[in-house]
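**Student:** Model the following, please.
(one chain, ligands or ions: 1)
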Amino acid sequence: MVKYKFPEGFLWGTATASHQIEGDNFYNDWWEFEKQGKVKNGQVSGKACDSWNRYEEDFDLIEKLNNNAYRFSIEWSRIEPEEGRFDESALERYRSMLISLRRRNIEPFVTLHHFTNPLWMAKRGGWLNPDIIDYYLRYVKKIVSEFKDLVNYWMTINEPNAYAFMAYLYGQFPPQGKSLIKMLRVLNNMAKAHAKAYEVIHQISPDAKVSIAYNVIYFEPKNPNSFIDRKFANFGDRIYNRVFIETLLTGKFSSPFIKEEIPYAKNTLDYLGINYYTRILMGLKMGSPEGETSDFGWEIYPEGIYKVVKRFYGLTKKPIYITENGISDAKDEKRPKYLISHLIQLHRAIEEGVDVRGYFHWSLMDNFEWAEGFLQRFGLFETDFNTFERKWRESARIYSEIAKNNGITEAMEEKFLK
Ligand code: BGC
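**Tutor:** All right, here's what the predicted structure looks like:
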């Protein structure tokens, strides 16, 4: 018996990103970074999952998962490998992908920017340079004009907050910046880029639904009784979880060093894409997570998805799609429980009135996990990176049953959570 039934028409999907799965993406800043040996164990994305050639095979798997949606990204550097030169064959390939998804009744959710930048654009200062916004808009215009007949749901930028943090403060992604001010400038430029793209997309495709995929971390003070720990948690929450999204709601970019009125950014979300993975305990002694962790060391904290979704629905009043949620777990020992427990928490939020319309698991298959190379394994399917074979994990079987039932059975809960 299905104990946790999801609303009718709920979208079940998985999520991927171009550079992580396609292979042979040679014209972006990541490829340059990889060639310099900056990725763990000197790995390079290379052929990745070879999805550029094997996408039909991927879509067969999506069908076998009984999914009715799929989130993937278009690689700007493939479309525009040199400034102003659009590659028609790359556009053709993406068109074939979209047609194939539609034929299979799988709703595409398309991300326009997922961490990578064309090398020519990075060389002009990347997202620190406000001129980039116009280049980005030209690319967005091109894509949306080409594919407006096939795409209803767009995401302008994947995780502007995680990107700005990793690339400009934490220094793990190219161009390895380590400055809070730079991070905030990048966030500010990305907010403007999103807001303008929102308008451009609606001009070309008035009925389209436009959002971002926003990474939300559940921050808590390590010691709730400590004033300092509470301050740290608040600071993390403000910079990471709030500054960007509040700009898209209010038209005010309000951060510690940069404050700016951006009136055209107000009300530029048709829905909200939330990527949720973990909780971080903040404080003077950052210390270790309290609960079980993934291979990546991230705490497994299912209640976080419930809390985050409730809070952001309260803030935005927009329909929510979980555009990513998943775990690095090479042996697939913890994933079944992770998946089911997070979905039960999501269901709890829906029961309490939150308008959640879909869930995309990260990821369809193991792929190129950025600075970690192929070490971290997020796939429902295991990828053999020599043969490109995709192998069923137990979690994939479970997910396909969940999607088929549009919910979680009591037996499933008994087996994996008790
Ligand atoms: C990103 C993905 C990444 C995943 C796991 C998300 O922040 O959007 O590209 O693979 O996290 O680290």
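
**Student:** and stretch 284-292, which residues are buried?
**Tutor:** Of all the residues in stretch 284-292, those buried under the rule 16 or more other Cβ atoms under 10 Å are residue 289. Glycine gets a C-beta too; all of them are placed from N, C-alpha and C.

**Student:** Now it: average pLDDT?
**Tutor:** In this model, stretch 284-292 has a mean pLDDT of 82.

**Student:** Please list the residues of this structure that sit near the ligand.
**Tutor:** For the chain, the residues in contact with the ligand (Cβ under 6 Å from any ligand atom) are 17, 20, 158, 159, 162, 215, 275, 324, 362, 369, 378.

**Student:** Name only those of those residues that count as buried.
**Tutor:** 17, 20, 158, 159, 162, 215, 275, 324, 362, 369, 378.

**Student:** Give me the subset of those lying in strands.
**Tutor:** If you go by DSSP state E, these have 158, 215, 275, 324, 362 in strands.

**Student:** which among those gets closest to residue 152?
**Tutor:** Residue 152 has its nearest neighbour among those in residue 158, at 18.0 Å by Cβ to Cβ.

**Student:** For beta bridges, what are the partners of the closest one?
**Tutor:** Counting by DSSP bridges, residue 158 forms beta bridges with residue 213.

**Student:** show me what contacts it?
**Tutor:** 17, 73, 111, 113, 114, 115, 212, 213, 275 (Cβ atoms under 8 Å, 6 or more residues apart in numbering).

**Student:** go with 6 Å
**Tutor:** When contacts are counted by Cβ atoms under 6 Å, 6 or more residues apart in numbering, residue 158 touches 111, 114, 213.

**Student:** The first one against residue 75, yeah?
**Tutor:** It refers to residue 111. No: contact criterion Cβ atoms under 6 Å: residue 111 and residue 75 do not qualify, at 10.1 Å.

**Student:** Number of residues surrounding the spatially closest residue to residue 241 that is not a sequence neighbour?
**Tutor:** Excluding the flanking residues, the one nearest residue 241 by Cβ to Cβ, 6 or more residues apart in numbering is residue 216, at 5.6 Å. Residues lying near residue 216 (other Cβ atoms under 10 Å) number 26.

**Student:** Quick check: residue 216 vs the ligand, distance?
**Tutor:** 11 Å (Cβ to the nearest ligand atom, to the nearest Å).

**Student:** So which bits of the one helix or strand residue 138 maps to are buried?
**Tutor:** Assigned by DSSP states H and E, residue 138 belongs to helix 132-147. Within helix 132-147, the residues scored as buried using 16+ other Cβ under 10 Å are 132, 133, 135, 136, 139, 140, 143, 144, 146, 147.

**Student:** And for stretch 166-175?
**Tutor:** For stretch 166-175, by 16+ other Cβ under 10 Å, it's 166, 167, 168, 169, 173, 174, 175.

**Student:** Then stretch 389-403?
**Tutor:** Buried-residue list, stretch 389-403, by 16+ other Cβ under 10 Å: 390, 393, 395, 396, 398, 399, 400, 401, 402, 403.
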